[in-house]
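Asker: Would you be able to build a 3D model of this:
(chains A and B)
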Amino acid sequence: MASLTLKSISKSYGGAEVLSGVDLEVKDGEFCVLLGPSGCGKSTLLNIIAGLVPQDRGSVQCDGESVDHLSPRERDVAVVFQNYALYPHMTVAGNMGFGLRMRGVPKKTIRKRIAETADLLGIEDLLDRKPRELSGGQRQRVAMGRALVRRPKIFLFDEPLSNLDARLRSNVRLELKQLHQQIKGTMIYVTHDQIEAMTLGEKVVVMRQGIVQQVGDPETIYGKPANPFVAAFIGTPQINLYQGRFVYDDGVSFKAEAFSLNLQGLGVSCPDGEGELGIRPEDIVVVKRGQGPLEAHVDMISNIGSEKYVHAFVGREKITFRASKESDFDQGQGITLAPNIKRLHLFCQGKRV
Amino acid sequence: MNRERIETGILRIGRMVVLVLFLVWVLFPFYWMIISSMRSLEDIMANPSNLLPDIRQLDFHSYYAVLFEHGFVQYISNSIYVTLVTVILSVILALLGAYAVTRLRFRAKRWMSAGILGIYMFPPIVLVIPLYVLFSRMGLRDSMNILILVYLAQTLPVSLYMLRNYFHSLPVELEYAGLTDGCSRIGVIWRIVIPLSLPALTSVAIYTFMIAWNEFLFAFMFLDTPEKFTLSRGVVQLAGSVHLSKQLVMAASVIVTIPILVLFILLERYLVKGLTAGAVKG
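Answerer: Here you go, the predicted structure:
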C-alpha cells in the first residue's frame, strides 16, 4: 500500500496535448476514480502512473518519493485492463502466478497466494482453464485475481467493467467495493461511467481534454459541480443547463432566451453578466398554474418504472424533471414549474459562483 | 427438377471438372519426374514418352548413383547448412526488427518501416552483378556464408512485413501486463510475444526455408568449388555434365523437391494462418 502524488503531468502525442499539468493526490488506501469522456487522457494518465508510457513533463511520486526513473516492475503496481489482457497461452493459475514467478517468489508461496485469491474471488474451479475457455465475467475476475495476488503498492483499473453486460457490471461493481473495504488497497480506477465513479469513488477526478476539471468526493462533484462540464457530465437524467446573463436591477435575476428567473437575493457576482444556469431534474417541482416562474408544456415522458422523467419545453428551451411514478401528464399539457432556488447551480464564465 | 437444383448440379459437376483438371496440371510434372527417375536409361532411350512404364522395372538405382557417385550427399548437407542458418537468423532478426518497428519508438522509424518493403522491390537480377563484382573484389565469393548473407537480405523484407502485421494484431496491453508483472522488455518478448507468435514465426521459417532451399541464381553465380555447391546448383551441374542421363537429373530433382513438399504439407496451416493474421481482427 502506498500513497500517490502526481505533479503537473503533461503528455503530447504528435502535436496534440493529451494531458496538461495534471496534479493529483491519492492517499494510502484511497479509492480514486478518474472520470471523463473517452479521449480525455485518463487511460494515458494510468499508463504514466504504471510507468508504461513516459510523461513529457511532471513527476510521479509514490509515498513522497519520485518513481519517474523506475521501470514498471520496480514501481510495483498492478493493472487490470479493459480487455483483461490475460496471457492466452497460460492457464488461469499460470496467469495469476506469472507476476510472482517473475519476482522470484518461492513456488510454495505462489501456490498458497493463488489459492487464497481464487477463494476470495470464487474462481477456484477455473484455475486449470485457459482464458479462451472462460466467459467474459470469468475473465474479468481472473484479471482482478492476477492483480490482487501480487499485493502491489497500487492497483490501477482501466475501465475493467466496460466489457461486461449491464447486470453483471452492477454486481461486480458492488463486489469491487467490498473488496476494497476488505484489502484496503490504494486503487485508481479509470472509467467514463458516472455511476461507477459515484458508487465506487471516495475521490472522483473529473477530466476533460487532458485537464482536471474537479476533484472531490461524489457528493461534492454532484452537489457542487465546479463548472458546466462537470454539471452536465454527472447525473442522469442530465442537468438542465441554460445560457444567459445575470441581470442586476431589482435584486439578481438570470435571463435566458426563453425565461427569466428571479434569484431572490442569492449573492451572485458576475461582472459582465454572461453565465450559465443549471437545474437538476430532481430540483424542479410542478406547482399550481401561474404560481411559479416557469411556464412549460409537456413534450415527452420516459417511464423508467420507479419514476418518470418528464421532458418539457419552456419556450424554445428544453427542460427535464423527475416525477413520481403515479404522476400523470399528457403530451402538450401546459404546466407551471418551480425550481428549488437554493439548489440552483450558477456559473459565471465557466466557473461556479 | 426445378431451376435451382439444375444450377447447383451443374455447379457441382463444373467444380469437380475444374479441380480434376487443375490437379492433373499440377501433379503431372511430379508424376513424370518421379517415374522418369526410376526408369533405366535404356528404357528411356527406347521409349521416351512412355507414361505408364512397367512397375516391375522401376528401381531406385539412380538415387543411389546421384547420392553417392555424383556428390549429392555433400550438396544436401551444404543446402541444409545454408538453409538452416538462414532460417534461424531470419527468424531471429525478423522477430527483433518487426518488434522494434511495431512497439518501440526511435528516429527515422517510419522511413525504416517503409524501406523494408522498398528493398524488396529490387529484382535479384539487378543485384547479382554488382554483388558479384563486390564480393569478388573483397575475396568473399565462393563461400556458403556469403550465400546466407544474400538470402537473408532477400527474405528479411517479407519476413519483417509478415511479422509486423502479426504484431500489430497482438494487443499491446498483453505486453503492458507483462511489464507490470515484472518482465523486462526482453522477458516480454521471450515469455509473451514469442509464444503467441509461433504461427507467424513458423510461416516466416517456412517461407525463408523455401527461398533459401530453392534459390539458384546467386548460388550459380557465387559458388565455384563443387564441394560448396548447394542442391539446386548441384542439379544444374549434373544436368550440364557431358554424359547427360535424364533419369539421374530427375532423381536429383526429386531429392530437391521432397523436403519442401513434406515441410509444406506438415506446416501448411501455419503458413496460411501467419499470412492472413492481422488481416481480420480476431
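Asker: Residue B:178 against residue B:188, yeah?
Answerer: Yes - because the distance of 4.2 Å satisfies C-beta atoms under 8 Å, residue B:178 is recorded as touching residue B:188. Every residue, glycine included, has its C-beta placed from N, CA and C.
Asker: who's more crowded, these two?
Answerer: For residue B:178 versus residue B:188, the count of surrounding residues by other C-beta atoms under 10 Å in any protein chain shown is larger for residue B:178: 26 against 20.
Asker: residues in chain B within reach of chain A, list them.
Answerer: Along chain B, the residues adjacent to chain A under the rule C-beta under 8 Å from any C-beta of the partner chain are B:171, B:173-174, B:176-184, B:187, B:192, B:195-196.
Asker: Can I have the buried ones of the residues you listed as a ChimeraX selection?
Answerer: Buried residues within the residues of chain B next to chain A, as defined by 16 or more other C-beta atoms under 10 Å in any protein chain shown, are selected in ChimeraX through the command that follows:
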select /B:171,173,174,176,177,178,179,180,181,182,183,187,192,196
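Asker: closest to residue B:159 among the residues of chain B next to chain A?
Answerer: Nearest to residue B:159, judged by C-beta to C-beta, of the residues of chain B next to chain A is residue B:196 at 17.2 Å.
Asker: Name the residue of the stretch 201-350 of chain A that lies nearest to chain B.
Answerer: In the stretch 201-350 of chain A, the residue that lies nearest chain B is residue A:210 (20.1 Å; C-beta to the nearest C-beta).
Asker: was I right about that residue contacting residue A:22?
Answerer: Yes - the pair residue A:210 and residue A:22 qualifies as a contact (C-beta under 8 Å) at a distance of 7.4 Å.
Asker: Identify the contacts common to these two.
Answerer: In the contact map built from C-beta atoms under 8 Å, 6 or more residues apart in numbering or on different chains, the residues linked to both residue A:210 and residue A:22 are residue A:41.
Asker: Am I right that residue B:19 is in a strand?
Answerer: No - secondary structure of residue B:19 (DSSP: H, G, I helix; E, B strand; the rest coil): helix, not part of a strand.
Asker: what about the helix ranked longest in chain A, distance to the chain center?
Answerer: Secondary structure assigned by DSSP state H gives helix A:166-183 as the longest helix of chain A. Centre-to-centre, helix A:166-183 and its host chain are 15 Å apart (C-alpha atoms, centre = their mean, to the nearest Å).
Asker: That one - contacts with which helices or strands?
Answerer: helix A:136-148, helix A:194-200 (3 or more C-beta pairs under 8 Å, 6 or more residues apart in numbering or on different chains; DSSP states H and E).
Asker: Tell me where the model's unsure across chain B.
Answerer: Filtered on pLDDT under 70, chain B yields the residue ranges B:1, B:242-244, B:271-282.
Asker: One more pass at 80, please.
Answerer: B:1, B:41-58, B:112-113, B:116-117, B:119-122, B:124, B:241-245, B:268-282 (pLDDT under 80).
Asker: ok, so what distance separates the most centrally placed residue in it from residue B:261?
Answerer: Here the mean C-alpha position of chain B is nearest to the C-alpha of residue B:210 (C-alpha atoms, centre = their mean), at a distance of 0.7 Å. For residue B:210, the distance to residue B:261 under the criterion C-beta to C-beta, to the nearest Å works out to 11 Å.
Asker: near chain B, which residues of chain A show up?
Answerer: Taking C-beta under 8 Å from any C-beta as the test, the list of chain A residues beside chain B reads A:47, A:50-52, A:71-73, A:75, A:77-79, A:81-83, A:85-89, A:98-99, A:102-103, A:146, A:150.
Asker: just the buried members of these?
Answerer: Judged by 16+ other C-beta under 10 Å, buried ones among these: A:47, A:50-52, A:72-73, A:75, A:77-79, A:81-82, A:85-87, A:89, A:98-99, A:102, A:146, A:150.
Asker: count of neighbours near residue 97?
Answerer: Reading this off chain A. Using other C-beta under 10 Å, residue A:97 has 24 other residues around it.
Asker: To clarify, I was referring to chain B.
Answerer: Residue B:97 - counted by other C-beta under 10 Å - has 18 other residues nearby.
Asker: Pull out the buried residues from the helix or strand it falls within.
Answerer: Of the helices and strands defined by DSSP states H and E, residue B:97 is found in helix B:72-103. Using 16+ other C-beta under 10 Å as the burial criterion, the residues of helix B:72-103 that qualify are B:72, B:75-76, B:78-79, B:81-83, B:85-87, B:89-91, B:94-95, B:97-103.
Asker: residues contacting the nearest residue to residue A:10 once chain neighbours are set aside?
Answerer: If you skip the residues right next to it in sequence, residue A:10 has residue A:57 as its closest partner in space, 4.3 Å away by C-beta to C-beta, 6 or more residues apart in numbering or on different chains. Taking C-beta under 8 Å, 6+ apart, we find residue A:57 in contact with A:8, A:9, A:10.
Asker: got it, and residue B:76?
Answerer: Applying C-beta under 8 Å, 6+ apart, one finds that residue B:76 lies in contact with B:67, B:231, B:255.
Asker: residues contacting the last one?
Answerer: For residue B:255, the residues meeting the contact criterion (C-beta under 8 Å, 6+ apart) are B:63, B:66, B:67, B:72, B:76, B:231.
Asker: distance of the fifth one from chain A?
Answerer: To tie it back to what came earlier, the one meant is residue B:76. Going from residue B:76 to chain A by C-beta to the nearest C-beta, to the nearest Å gives 36 Å.
Asker: Once you drop chain neighbours, what's closest to residue 78?
Answerer: This is for chain A. When the adjacent residues along the chain are set aside, residue A:78 lies closest to residue A:147, with 3.7 Å between them (C-beta to C-beta, 6+ apart).
Asker: my bad, the chain I had in mind was chain B
Answerer: Excluding its sequence neighbours, the residue lying closest to residue B:78 (C-beta to C-beta, 6+ apart) is residue B:230, at 5.2 Å.
Asker: which residues in the stretch 1-150 of chain A form helices?
Answerer: Residue ranges of the helices in the stretch 1-150 of chain A, as given by DSSP state H, counting those that start in this stretch, are A:42-50, A:72-75, A:92-102, A:107-121, A:136-148.
Asker: Actually, chain B.
Answerer: In order along the chain, chain B carries the following helices (DSSP H): B:3-38, B:41-46, B:61-64, B:72-103, B:109-120, B:124-138, B:144-169, B:172-180, B:185-188, B:194-214, B:217-222, B:231-239, B:246-276.
Asker: Could you identify which of the ones you listed is most buried?
Answerer: Most buried of these by mean neighbour count (mean count of other C-beta atoms under 10 Å in any protein chain shown) is helix B:172-180; its value is a mean of 22.
Asker: Dump the C-alpha coordinates for that one into CSV.
Answerer: Once side chains and other backbone atoms are set aside, the C-alpha atoms of helix B:172-180 remain, and they are given as CSV (Å, rounded to 0.1, in the frame of the first residue of the first chain):
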residue,chain,number,x,y,z
VAL,B,172,-0.3,-4.1,-26.6
GLU,B,173,-2.0,-4.5,-23.2
LEU,B,174,-0.6,-8.0,-23.1
GLU,B,175,2.8,-6.6,-23.1
TYR,B,176,1.9,-3.9,-20.6
ALA,B,177,0.6,-6.7,-18.4
GLY,B,178,3.9,-8.5,-18.8
LEU,B,179,5.9,-5.4,-17.9
THR,B,180,3.9,-4.6,-14.8
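Asker: Put the alpha carbons of stretch A:26-44 into CSV.
Answerer: Extracted as CSV, the C-alpha positions of stretch A:26-44 are listed here (Å, rounded to 0.1, in the frame of the first residue of the first chain):
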residue,chain,number,x,y,z
VAL,A,26,-4.2,9.9,-3.7
LYS,A,27,-4.0,8.9,-0.1
ASP,A,28,-2.9,5.5,1.1
GLY,A,29,-5.8,3.1,0.8
GLU,A,30,-8.0,5.5,-1.0
PHE,A,31,-10.3,4.6,-3.9
CYS,A,32,-9.8,7.3,-6.5
VAL,A,33,-11.8,7.3,-9.7
LEU,A,34,-10.6,9.1,-12.9
LEU,A,35,-13.8,10.0,-14.8
GLY,A,36,-14.2,11.6,-18.2
PRO,A,37,-15.4,11.0,-21.7
SER,A,38,-13.3,8.9,-24.0
GLY,A,39,-10.2,10.6,-25.2
CYS,A,40,-9.9,12.8,-22.2
GLY,A,41,-6.4,11.3,-21.3
LYS,A,42,-7.4,9.2,-18.3
SER,A,43,-6.0,6.0,-19.7
THR,A,44,-2.8,7.7,-20.7
